[in-house]
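K.L.:
this is a predicted model, with the sequence first.
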Amino acid sequence: MQIDIQLLPLPPSIEILSGRTVVVIDVLRATSVIVSALARGAAEIIPVSTVEDATRVAETFPRGSTLLGGERESRKIEGFDFGNSPAEYTSEKIRGKRLILTTTNGTKAFHSVAGAKEILAGSFLNARATAQRCLDSGRDILIFPSGDKGRFSIEDVACGGMLIERIAERRGRHLDLSDAAFSSRLLYERFKGGLVEVLRLSDHGKDLLALGLGEDLLYCAQTDITDLVPIFTHGVIRIF
């Protein structure tokens, strides 16, 4: 099994994606929201790139069946039902509902890797289960951190390093890690004793702290609180 991680969120070529399992990671906060919302009973999540796309897609579904969530500049979008804080997506509000989500980085990332064999949503919250799903696939793995407006994101790469370590714990020595994958595992080793630290040190984490959203960092730094692994297929994220 070969594992690579794309340190910058540039769309991979179809040759790189072909036949691989890809894990999209946006710790702060899109994939953390996706994992949490589906664990709390949301029926499905449709990730879209723009606010206009979100409202247009919502209009194609029956009234009352669909909710809008997302952010721009880390703030809730005017007229949307939710922002991008996992705590907003309570079971009482979202159970059985379809969510249309648009965020600055994470929702675009799913479409950037649409040519892969299988696309998973990963986070600290479901790292162990995601690692097992990767192993069960038997495929080569590409970890795709969503980054921060096209830039490297330390928290996403550290999460990728956790995923690699969890795979290694189960697979043993038979892993072929790229230089980037090896580096991300080393980064995770540096912060594994206190993951909140890497979130607080990150550029995105600092922005959230400045906005008074420090509780989101504490939530998103939790590990293995669910065994659910969301899968993106045909434009929709579900639990299969």
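P.N.:
That came in fine, so what should we check first?
K.L.:
Leu68 touches Phe80, doesn't it?
P.N.:
Yes: assessed by CB atoms under 8 Å, Leu68 is found in contact with Phe80 at 4.3 Å. C-betas here are computed from N, CA, C, even on glycine.
K.L.:
what touches both of these two?
P.N.:
Taking CB atoms under 8 Å, 6 or more residues apart in numbering as the criterion, Leu68 and Phe80 both touch Ala54.
K.L.:
for the helix or strand containing Ile46, which outside residues touch it?
P.N.:
Per DSSP states H and E, Ile46 falls inside strand 44-47. With CB under 8 Å, 6+ apart as the test, strand 44-47 has contacts from 30, 34, 37-38, 57, 98-102, 106-108, 110-111, 230, 232, 235-238.
K.L.:
now the strands for the chain?
P.N.:
Secondary structure of the chain (DSSP state E): strands located at 2-5, 21-25, 44-47, 66-72, 75-76, 98-102, 118-122, 141-145, 176-177, 231-233, 236-238.
K.L.:
give me the buried positions along the third one.
P.N.:
For strand 44-47, the neighbour count (16 or more other CB atoms under 10 Å) marks 44-47 as buried.
K.L.:
gap between Ala39 and Thr226?
P.N.:
5 Å (CB to CB, to the nearest Å).
K.L.:
picking up where we left off before, pull out the buried members of the contacts of strand 44-47.
P.N.:
Burial by neighbour count, judged by 16+ other CB under 10 Å, picks out 30, 34, 37-38, 57, 98-102, 106-108, 110, 230, 232, 237 from the contacts of strand 44-47.
K.L.:
of all the strands of the chain, which one comes closest to Ala221?
P.N.:
strand 21-25 (13.6 Å; CB to CB).
K.L.:
and the closest one with strand 118-122, angle?
P.N.:
Relative orientation of strand 21-25 versus strand 118-122 (axes from the mean of the first three to the mean of the last three CA atoms, to 10 degrees): 30 degrees.
K.L.:
partner strands of strand 21-25, with direction?
P.N.:
Sheet pairing of strand 21-25 (DSSP bridges) gives strand 118-122 (parallel), strand 141-145 (parallel).
K.L.:
what's next to it, contact-wise?
P.N.:
By CB under 8 Å, 6+ apart, strand 21-25 touches 31, 106, 109-110, 113, 116-123, 130, 133-134, 137, 139-146, 156, 159-160, 163, 232.
K.L.:
what subset of these is buried?
P.N.:
With burial judged by 16+ other CB under 10 Å, the buried subset of the contacts of strand 21-25 is 31, 106, 109-110, 113, 116, 118-123, 130, 133-134, 139-146, 156, 159-160, 163, 232.
K.L.:
and the residue nearest the centre of the chain?
P.N.:
With distances taken as CA atoms, centre = their mean, Thr31 lies nearest the centre of the chain, 2.7 Å away.
K.L.:
and the gap between it and Leu175?
P.N.:
Computed with CB to CB, the distance linking Thr31 and Leu175 is 23 Å.
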